[in-house]
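Have a look at this fold, sequence not included:
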């Protein structure tokens, strides 16, 4: 009788140990979840994800891929009409990113290469524009040597109002027509590594050019 009792206890102990071993550990599950989030967040900034950013993968021939609202793809490049945060990556061999949002936008350059044969690479009209250089990325912008008829801009990056540049990434600007960066109000540089080569002015702000951080290199 004693042996049978011991056998029953042993079997029950094995079953209980097996059940507990197979049960999901909440800490382990949370760690796995955190790893997944970290992996998905690696490419895009935390601020972009928190603000429900629209993600744009630039491609030629009107084939840019857009995930989110406020932007549309066209043969001429990408048009952004709604206020918000936009993450730009990929390449436009010949096209523009045109922004017209009264409340302003935040553009996060995440390995973007934009080249235009008709005018500026980035045109921002409407409200204040924030240009964020994603940490660890290299970005490149170049404009046309001769602007098309009707083109009203005069810089590779043209902002009608104030332009604020921030972040920890790199940006190379080739201003082939006139200015590298041209702003109708203030140009404020708060971060990033900028290399600007321009025919006329590397940096132009109608009311002010403020260097508050980052590194700016002028010329090739």
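Ah, there it is. Because the structure is a prediction, the values reported are computed rather than measured. Numbers count the residues shown, from 1 in each chain.

ok, residue 163 - contacts?
The contact partners of residue 163, by CB atoms under 8 Å, 6 or more residues apart in numbering, come to 124, 128, 129, 130, 131, 157, 181, 183, 186, 187, 188, 205. In short, each C-beta sits where N, CA and C put it, glycine included.

Would you mind naming the residues that bridge with the fifth one?
Taking DSSP bridges, one obtains residue 107, residue 165 as the residues bridged to residue 131.

and it, how many neighbours?
Other residues near residue 131 number 24, with proximity taken as other CB atoms under 10 Å.

Which pLDDT value goes with it?
According to the prediction, residue 131 has pLDDT 98.

ok, now how distant is it from residue 63?
24 Å (CB to CB, to the nearest Å).

repeat for the fourth one
As defined by CB to CB, residue 130 lies at a distance of 27 Å from residue 63.

thinking again about what came up before, with secondary structure and distance to residue 114 as new columns, can the contacts of residue 163 be given to me in JSON lines?
JSON lines is the format used below for these (DSSP: H, G, I helix; E, B strand; the rest coil; distance: CB to CB, whole Å):
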{"residue": "124", "secondary structure": "strand", "distance to residue 114": "13"}
{"residue": "128", "secondary structure": "coil", "distance to residue 114": "20"}
{"residue": "129", "secondary structure": "strand", "distance to residue 114": "15"}
{"residue": "130", "secondary structure": "strand", "distance to residue 114": "17"}
{"residue": "131", "secondary structure": "strand", "distance to residue 114": "12"}
{"residue": "157", "secondary structure": "strand", "distance to residue 114": "10"}
{"residue": "181", "secondary structure": "strand", "distance to residue 114": "14"}
{"residue": "183", "secondary structure": "strand", "distance to residue 114": "18"}
{"residue": "186", "secondary structure": "strand", "distance to residue 114": "23"}
{"residue": "187", "secondary structure": "strand", "distance to residue 114": "19"}
{"residue": "188", "secondary structure": "strand", "distance to residue 114": "21"}
{"residue": "205", "secondary structure": "strand", "distance to residue 114": "21"}
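
quick one, helices of this structure?
Per DSSP state H, the chain carries helices over the ranges 2-22, 26-41, 46-50.

Lowest average confidence across those helices, which one?
Ranked by mean pLDDT, these end with helix 26-41 at the bottom, a mean of 38.
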